[in-house]
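Participant: what's the 3D shape of this:
(2 chains)
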2 protein chains.
Amino acid sequence: MNRATMNLDQAALDKIHSHSLEILRDVGIRFPSEKALSLFKKHGFKVVGSMVHFEEKDIAAALATVPAAFTVEARNPSRNIHIGGTDYVMAPGYGPPFIIEPTGEKRNATLADVHQFCKLVQTSKYLDFNSSIVVQPHDVPSEIAHLDILLATLTLTDKPMMGSSASEVAAHDSLKMAEITWGKLNRPVMLSLIDSLSPLQYATQSVEALMVYAEAGQPVIIHSACSLGSTGPITIAGSLVISNATTLAGICLSQLINPATPVVYGLGGSPTDMRKGAYVNASPEDAKHVAISAALANYYKMPCRGQGALTESFCLDYQAGMESAVMLTVAALSGVHVGLHNCGTYGSMLAMSYEKFIADEDLCGSLKKLMQPLELTDDALAIDLIKEMGTSGNYLIQSHTLERCRNEFFIPDLNIRTLHSSWLEMEPREITARARHLIENRLEEYEKPEIDPALEKKLRRYVNECQL
Amino acid sequence: MNRATMNLDQAALDKIHSHSLEILRDVGIRFPSEKALSLFKKHGFKVVGSMVHFEEKDIAAALATVPAAFTVEARNPSRNIHIGGTDYVMAPGYGPPFIIEPTGEKRNATLADVHQFCKLVQTSKYLDFNSSIVVQPHDVPSEIAHLDILLATLTLTDKPMMGSSASEVAAHDSLKMAEITWGKLNRPVMLSLIDSLSPLQYATQSVEALMVYAEAGQPVIIHSACSLGSTGPITIAGSLVISNATTLAGICLSQLINPATPVVYGLGGSPTDMRKGAYVNASPEDAKHVAISAALANYYKMPCRGQGALTESFCLDYQAGMESAVMLTVAALSGVHVGLHNCGTYGSMLAMSYEKFIADEDLCGSLKKLMQPLELTDDALAIDLIKEMGTSGNYLIQSHTLERCRNEFFIPDLNIRTLHSSWLEMEPREITARARHLIENRLEEYEKPEIDPALEKKLRRYVNECQL
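Facilitator: Numbering: from 1, shown residues only, chains lettered A, B, ... in the order given. All right, here's what the predicted structure looks like:
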């Protein structure tokens, strides 16, 4: 049972799907790229201006070749990630231009921040791969920032990477640097995010980045989201139809280019604040989209992306914890496979925060523990012990307890478990200050993962040459 | 899909059930009450000392008569609650002896606090019924505190009440005051909590309170929980067997006394902090018990209780929000029907907090919104509007948006949705101070619900006579 999707039976999903097909056929999706349009034309699609119209059979053909699961290789093979099935892999924030400091003030993010976050990702017990743009650095021209970020992620971490989708060039650069690292790219070594625009269209850069990655057989997340009441209908049902149609069109393009290109299904939706016209993140409507997108991805037999630990708050208060936890718990329980923004973001993805990153890690770890299958072995059931103990509550001194006590329970790093009197005397007591301490320790303990010096040199040379 | 209970298929649930039956048969459950023991003997149960042994047929017979759902009547019939099916009804904290103030200091709770919380429950948009002991007041002798609390809840609110389970006398008093209010009790008008002791036993008072309520056909929550590694095995599987056996024994007693007495299934479990021997609340292990207890209740075709918005924190920080939200989101999605402790508790139920109460209300409201079925009407799907708008993002000025904009989205009361610059200038900015303002407004706006003066007089007379 998942009560967030209670009435989404097969008939309801069929209904959303068939209305999406109706929009794909009658309205179409805007693909403002000559390359994409000529490909669609070549395959016999109806193209009017930059609007591409899709028939049911086109979508069915695409869905037939999309894989249900795949693996993304890391530079360190022990860190490969599997996407699909029962797995839920997590990455930190994606794209905020600012850092919010413990004082609450915000400042521009820099390349130094990118480096710090790479170190935190590398040492994270719970994050599985790195974002392609954990923050947008202001001290590097935006056209070439992806090169510095790719270099940082490939040298400071050995977890799987994301490619840049900033442009066709950035996608090519991502592939080139991956080829330097892995050689010929005959299997997935990165995951990239292709965002559509709402309603019913893609930006030129996104389409062309999508085409580059699909051609190389590299996995993409294709994600669509409306602001409910401004770039889409105010209703969740209307938003689902628009975003599902748009994502399906992107999936279709990926499979036309290269059948069986791995794709992660992405669909979100956020209310518009009617007084300000801005969108609001981390609402129950956002969480509902997460649960439904997992149901839709399952309907299409594809892996699914979730929205992450989002919040409208700007500090480590109850709201930040509550909103982040509702979003991620819904993702975890509903069957999301890939989490972006799972650590560190504040204020509708306005800013990253080091302290929030640490706090969100406890959340990610808790949920990973929660999702572990229940152990039902004889030793876990402990029936003989239960019979022996009867109504005596002396389990603490039993060998069954002692043998398991170090690893049985989740232990948080930031969250406290203490007496009220001890908490009152804690120094520092406030959660932001405690998080600051943990970050300092983490960055001190960070060790750069092994990398062949020749490889690092080649990567640096590539970046330097591109930036000339 | 619910990934917290992924491997709990029918076979896994059968396994937990059959091991529980094995313990019920071979070890039995301690019922230290002559009344209960003689009843069990009368029905042919094997009784050894105060241990009662159960056969599979006894449990099957009890489960056959327990209703799958029922309604509890409120003093104001528009506030009746339905327990079971897709409903999730919520009550505030249950039992903390202290209040934590905004400074972080704790003080003893008083009867004045009981009154304040009754007013907050009455004015709550999200709480459905009142706890029988939202705090334990220190300024009233504990043997008679239930009378003052019952009087407060019956006069200051018109939402459904809980009966007291402090003792057989307290249960009788609860029934008497209900009879004064409703007349003959031929339908459920209160819900009471019967906690077992772990492992495998009940306290005398609890058994006898259970017997009083069952005789009167008044619903009870029968709840069992271990501290993993001290009052039960360290493993969740072992904890499930013990607590499920204990709860099933209580259900059996309720149905022996009065077949078809409504019962809510309750099962929890919390890790033991191995360094301190104390139990830890709001862990992922606690959340896992919530998800599994909903699966077990569903297996038994009974309504289910959840653990509420618990936290180990003592202030409105990220941890409080995160832990409360993980606990409640798991309950909401997994199919819990009755939430106790859903608003206001800190520190493993050590204390209530007015500010946490307000913060938890936004969480309860968000989850109630999230659980609403997706509206899939033609108007919600808005296909004609989507076709008309095409790639234009001008939904904000459409009548479809305007007609729905006031009620479509969840609007939080405490949580902020604002620009970073506005937040920096907010006065007060800190969440605890903002919550304080909301409480003051709520208490000022409170209006006592209508009550027949003669009824109120009779209730007061009953309380006064009992307290002589």
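
Participant: Neighbours of whichever residue of the stretch 51-200 of chain A sits closest to chain B, how many?
Facilitator: Nearest to chain B, among the residues of the stretch 51-200 of chain A, is residue A:200, at 5.1 Å (Cβ to the nearest Cβ). C-beta: built from backbone N, CA, C; applies to glycine. Using other Cβ atoms under 10 Å in any protein chain shown, residue A:200 has 28 neighbouring residues.

Participant: mean confidence score for stretch A:325-341?
Facilitator: If you average the pLDDT over stretch A:325-341, you get 98.

Participant: right, I mislabeled it, should have said stretch A:133-147
Facilitator: 95.

Participant: The closest residue in space to residue A:299 that isn't next to it in sequence sits in which helix or strand?
Facilitator: Leaving aside its chain neighbours, residue A:299 sits nearest to residue A:13 (4.6 Å; criterion: Cβ to Cβ, 6 or more residues apart in numbering or on different chains). Under the criterion DSSP states H and E, the helix or strand holding residue A:13 is helix A:10-26.

Participant: which residues sit against that helix?
Facilitator: Helix A:10-26 has contacts (Cβ atoms under 8 Å, 6 or more residues apart in numbering or on different chains) with A:53-56, A:59, A:200, A:237, A:240-242, A:244-245, A:248-249, A:295-296, A:299, B:374, B:376, B:381, B:383, B:386-387.

Participant: buried subset of those?
Facilitator: A:53-54, A:59, A:200, A:237, A:240-242, A:244-245, A:248-249, A:295-296, A:299, B:374, B:376, B:381, B:383, B:386 (16 or more other Cβ atoms under 10 Å in any protein chain shown).

Participant: Of these, which belong to helices?
Facilitator: Mapping the buried ones among the contacts of helix A:10-26 onto helices (DSSP state H) picks out A:59, A:237, A:240-242, A:244-245, A:248-249, A:295-296, A:299, B:381, B:383, B:386.

Participant: which of these lies closest to residue B:350?
Facilitator: Relative to residue B:350, the closest of these is residue A:295; by Cβ to Cβ it sits at 39.3 Å.

Participant: ranges for the helices of the stretch 51-200 of chain A?
Facilitator: Assigned by DSSP state H, counting those that start in this stretch, the stretch 51-200 of chain A shows helices spanning A:56-65, A:111-122, A:145-156, A:168-182.

Participant: elements contacting the third one?
Facilitator: Under the contact criterion of 3 or more Cβ pairs under 8 Å, 6 or more residues apart in numbering or on different chains; DSSP states H and E, helix A:145-156 touches helix A:111-122, strand A:161-163, helix A:168-182, helix A:453-467.

Participant: So which residues on the stretch 51-200 of chain A come close to chain B?
Facilitator: Proximity of the stretch 51-200 of chain A to chain B (Cβ under 8 Å from any Cβ of the partner chain) is limited to residues A:51, A:86, A:88, A:100, A:104, A:105, A:106, A:198, A:199, A:200.

Participant: And the helices in the stretch 201-350 of chain A?
Facilitator: A:204-215, A:236-257, A:284-299, A:318-334.

Participant: winner for burial among those helices?
Facilitator: Ranked by mean neighbour count, these are led by helix A:318-334 with a mean of 30 (mean count of other Cβ atoms under 10 Å in any protein chain shown).

Participant: Could you tell me the angle between that helix and helix B:318-334?
Facilitator: 30 degrees (axes from the mean of the first three to the mean of the last three Cα atoms, to 10 degrees).

Participant: now the angle between helix A:284-299 and helix A:318-334, please.
Facilitator: Using the same axes, to 10 degrees, helix A:318-334 lies at 20 degrees relative to helix A:284-299.

Participant: Output helix A:318-334 in CSV, but only the C-alpha positions, please.
Facilitator: Output of helix A:318-334 as CSV, limited to C-alpha atoms (Å, rounded to 0.1, in the frame of the first residue of the first chain):
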residue,chain,number,x,y,z
TYR,A,318,12.2,22.4,11.8
GLN,A,319,10.9,23.5,8.4
ALA,A,320,14.1,22.5,6.6
GLY,A,321,14.1,19.1,8.3
MET,A,322,10.4,18.5,7.8
GLU,A,323,10.2,19.5,4.2
SER,A,324,13.4,17.7,3.2
ALA,A,325,12.2,14.6,5.0
VAL,A,326,8.7,14.5,3.6
MET,A,327,10.2,14.8,0.1
LEU,A,328,12.8,12.1,0.5
THR,A,329,10.6,9.7,2.5
VAL,A,330,8.0,9.8,-0.2
ALA,A,331,10.7,9.2,-2.8
ALA,A,332,12.2,6.3,-0.8
LEU,A,333,8.9,4.6,-0.1
SER,A,334,7.3,5.2,-3.5
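
Participant: how far out from the middle of the chain is it?
Facilitator: Remark: helix A:318-334 is offset 14 Å from the chain centroid, using Cα atoms, centre = their mean, to the nearest Å.

Participant: How confident is the prediction for the residue of the stretch 251-400 of chain A at minimum distance from chain B, by pLDDT?
Facilitator: In the stretch 251-400 of chain A, the residue that lies nearest chain B is residue A:321 (2.8 Å; Cβ to the nearest Cβ). We have a pLDDT of 98 for residue A:321.

Participant: same check, this time on residue A:36
Facilitator: Reported pLDDT for residue A:36: 98.

Participant: what does the model give the closest residue to residue A:4 other than its chain neighbours for pLDDT?
Facilitator: Using Cβ to Cβ, 6+ apart and skipping the chain neighbours, the partner closest in space to residue A:4 is residue A:291 (3.7 Å). You'll see residue A:291 listed with a pLDDT of 98.

Participant: before we move on, what about residue A:358?
Facilitator: Looking at residue A:358, the pLDDT reads 98.

Participant: can you check the one 4 residues further on too?
Facilitator: Residue A:362 is assigned a pLDDT of 98 by the prediction.

Participant: Ok, residue A:468 next?
Facilitator: 78.

Participant: For it, the count of nearby residues, please.
Facilitator: Residue A:468: 4 neighbours (other Cβ under 10 Å).

Participant: Residue A:107 now?
Facilitator: Residue A:107: 12 neighbours (other Cβ under 10 Å).

Participant: Name the nearest residue to it, ignoring sequence neighbours.
Facilitator: residue A:99 is the one closest to residue A:107 (Cβ to Cβ, 6+ apart), at 5.5 Å.

Participant: Likewise for residue A:177?
Facilitator: Looking at residue A:177 with Cβ to Cβ, 6+ apart, the closest residue is residue A:150, at 5.1 Å.

Participant: got a pLDDT number for the one you found?
Facilitator: 97.

Participant: just residue A:264 next, same as before
Facilitator: Residue A:264 carries a pLDDT value of 98.

Participant: Give me the spatial nearest neighbour of it, chain neighbours excluded.
Facilitator: Using Cβ to Cβ, 6+ apart, the closest residue to residue A:264 is residue A:221 (4.1 Å).
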